[in-house]
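>>> structure for this input, please:
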Amino acid sequence: MTHAFPFSAIVGQDDMKQAMILTAIDPKLGGVLVFGDRGTGKSTAVRALAALLPPIDAVKGCPVNAAHPKDCPDWANLDSKEIETRPTPVIDLPLGVTEDRVTGALDIERALTQGEKAFQPGLLAAANRGYLYIDEVNLLEDHIVDLLLDVAQSGENLVEREGLSIRHAAQFVLVGSGNPEEGELRPQLLDRFGLSVEVRTPTEIEDRIEVIKRRDSYEKSPSRYVGRWRKKDGEIRDKILAARESLSGIDTKKPILRDCAELCVALGSDGLRGELTLLRSSRALAAYEGASAVTRDHLRSVAPIALSHRLRRDPLDEAGSVARVTRAVDEVLG
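Prediction:
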């Protein structure tokens, strides 16, 4: 049995961990984009959070991880009503993947050997109720990224080709990572991600020593190391589950809505995705902290990860996007 590295044992990278937690509370935030140096724990954080979350109940043998037999699609041809527990899915999407592999397609083998027209589910089916992780998302073909974002937004995968008309649930948190030195995403695609985080290699010697020490201890005995952090991981899990329950009851006053709009106007953000994501992520943070209402402190905390990737390029402003958001927050919120 493999043991994922404990989420609470990750050193630093607070913005990345916060973004992951917020999407675990409210998957409708629209996914996380993590850009930065190699070897900074991007994929580790995804797997660690998924391992931290409680296992899901799913119909045995169901290819889309349906929680109830009535939710299992007809094309799966399952008679079983037995429920089993599965770890929260984390599906890797490789570079060079074809659209058929992502969405699913006609099962050629069954068509040739049995003369049956059957559907072979793709990665979107396997990722339902979990995470879909794309390393080097900036190198993935744009039409595949577009497709993934559309499905992540709608929560449903629709396949109509080769005489097939298939529809199934595809509700997942999309996490894309990449190194900006190898190319950037188009602004149209950037805006579709809910949250964006920049990660950097630690520069403090003590932090680097702590990373080495923890990773070395984990590799010597994964099960023992995971056990040492189980309590702290459990505390985060309990707060996430409590936040999910209280999310719909978090109060949002009209002045907070005005703050969201004024921030996005001050930054020149196109469209209304910025305001909506800022509001949703602030509400998720308020729920995680046990607050009853969204405050300006919640807006301040999430504004950089909710808005920095939505800014237009300004050749006259040499400040980075996070610095520009922070400056706007100070001007608008005081």
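
>>> flag the shaky bits of the stretch 201-334 of the chain, pLDDT-wise.
Within the stretch 201-334 of the chain, the segments meeting pLDDT under 70 span 312-320.

>>> ok, the stretch 1-150 of the chain next?
Within the stretch 1-150 of the chain, the segments meeting pLDDT under 70 span 1-2, 39, 41, 107-117.

>>> what packs against the helix or strand harbouring Val46?
Assigning secondary structure by DSSP states H and E places Val46 in helix 42-52. Using 3 or more C-beta pairs under 8 Å, 6 or more residues apart in numbering; DSSP states H and E as the contact criterion, the neighbours of helix 42-52 among helices and strands are helix 14-25, strand 32-36, strand 90-92, strand 130-135, strand 172-178, helix 230-246. The way it works is simple: take the backbone N, C-alpha and C, and place the C-beta from them, glycine included.

>>> return the most buried member of these.
For these, the stretch with the most neighbours on average is strand 172-178, a mean of 26; neighbours defined as mean count of other C-beta atoms under 10 Å.

>>> and Arg280, which of the helices and strands packed on helix 42-52 is closest to it?
The minimum distance between Arg280 and those falls on helix 14-25, with 8.4 Å, by C-beta to C-beta.

>>> got the angle for the closest one vs strand 172-178?
160 degrees (axes from the mean of the first three to the mean of the last three C-alpha atoms, to 10 degrees).

>>> alpha carbons of helix 14-25, in PDB - could you do that?
Taking C-alpha atoms only, helix 14-25 is exported to PDB below (Å, rounded to 0.1, in the frame of the first residue of the first chain):
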ATOM      1  CA  ASP A  14       0.900  28.500   2.100                       C
ATOM      2  CA  ASP A  15      -0.900  30.000  -0.900                       C
ATOM      3  CA  MET A  16      -0.900  26.700  -2.700                       C
ATOM      4  CA  LYS A  17      -2.200  24.800   0.300                       C
ATOM      5  CA  GLN A  18      -4.900  27.400   0.900                       C
ATOM      6  CA  ALA A  19      -6.000  27.200  -2.800                       C
ATOM      7  CA  MET A  20      -6.200  23.400  -2.600                       C
ATOM      8  CA  ILE A  21      -8.200  23.600   0.600                       C
ATOM      9  CA  LEU A  22     -10.700  26.200  -0.800                       C
ATOM     10  CA  THR A  23     -11.400  24.000  -3.900                       C
ATOM     11  CA  ALA A  24     -11.900  21.000  -1.600                       C
ATOM     12  CA  ILE A  25     -14.600  23.000   0.300                       C
END
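
>>> got the domain boundaries for this structure?
The chain is divided into the following domains under automatic domain parsing: 16-199, 249-333.

>>> let me have these in TSV, adding distance to Val226 as columns.
Written out in TSV, the entries for the domains of the chain read as follows (distance: least, C-beta to C-beta, whole Å):
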stretch	distance to Val226
domain 16-199	9
domain 249-333	23
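
>>> give the contact list for Leu267.
Shown in contact with Leu267 (C-beta atoms under 8 Å, 6 or more residues apart in numbering): Gly274, Leu307, Arg310, Leu311, Arg324, Val325, Ala328.

>>> Ala58 against Asn65, yeah?
Yes - applying C-beta atoms under 8 Å as the test, Ala58 and Asn65 come out as touching, 4.4 Å apart.

>>> which neighbours do those two share?
Arg86, Arg129.

>>> from the contacts of Leu267, which land in strands?
Among the contacts of Leu267, the subset assigned to strands under DSSP state E is empty.

>>> what is the nearest of these to Glu141?
Arg310 (22.8 Å).

>>> cool, thanks, talk later.
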